[in-house]
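A.B. asks: Take this sequence and fold it.
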Amino acid sequence: MKLTLPSSFQNILGIMNFKLGPEVLPKSPILLAVSIVAFAAAVFLFQASFYSLARAAASGIGSAVLMAAVAMLCARVSGYNERLIQTLTALAMGGAIVIFVRTALGFIIFISPSLEELPDNNVRQLTAFLLFPLYVWNIFVFAFLFRRSFRTETVISFAISIALVFAMYFSVPLVFKSL
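C.D. replies: Below is the predicted model of the structure:
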């Protein structure tokens, strides 16, 4: 018996493994809103393990706003404004999935009985080292979506993606240091 996923899940899976672009998603403002909220929630869950809840919530919202601003700027500069809703939906979905996976795996590593005798700081550093490939996957997903949606050069797509991922994970929480 062959297991077949619904077409919407196949489309998301196709985006995450670089076979499909955001054009397979519907141009739905509701789906866009749900995707952005899921992205902000994923960033909140990830940042809540490091910072206060207020700072994590502000980081989630700030990261979602930053991602939307970068996508809007790329759409405007490239002249592909008609692709913005689908691209932003795909960016938010892809980012949310990667961040949820990273958070879940980090939690599993953190509660691992074999690491319980290590100090929490060492376990966090080990987790960051072991799960670094997920940051790279996030960069590749974003670069693929920018390249496919806005027809940018590969180098420019990667530059935008690297800057965006580092800003979302590291710079945005620094902006809300006072919370």
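A.B. asks: Please verify my assumption that A75 contacts N81.
C.D. replies: Yes: if you go by C-beta atoms under 8 Å, A75 and N81 touch, sitting 5.0 Å apart. For every residue, glycine as well, the C-beta is placed using N, CA and C.
A.B. asks: Comparing those two, which residue is more hemmed in?
C.D. replies: Between A75 and N81, A75 has the larger neighbour count (other C-beta atoms under 10 Å), namely 20 against 11.
A.B. asks: buried set for the helix or strand of the chain with the lowest mean pLDDT?
C.D. replies: Least confident helix or strand, the chain: helix 7-16 with a mean of 75, by mean pLDDT, DSSP states H and E. Buried residues in helix 7-16, counted by 16 or more other C-beta atoms under 10 Å: N11, I12, I15, M16.
A.B. asks: Give me the next element, helix or strand, following it.
C.D. replies: helix 29-48 (DSSP states H and E).
A.B. asks: and the very next helix or strand once past that following helix, which residues are buried?
C.D. replies: Next helix or strand after helix 29-48 toward the C-terminus (DSSP H and E): helix 53-78. Within helix 53-78, the residues that count as buried by 16+ other C-beta under 10 Å are 55-64, 66-68, 70-71, 74-75.
A.B. asks: Likewise for stretch 116-125?
C.D. replies: V123, R124.
A.B. asks: ok, and what's touching it?
C.D. replies: Here stretch 116-125 makes contact (C-beta atoms under 8 Å, 6 or more residues apart in numbering) with F50, I109, F110, L115, L126.
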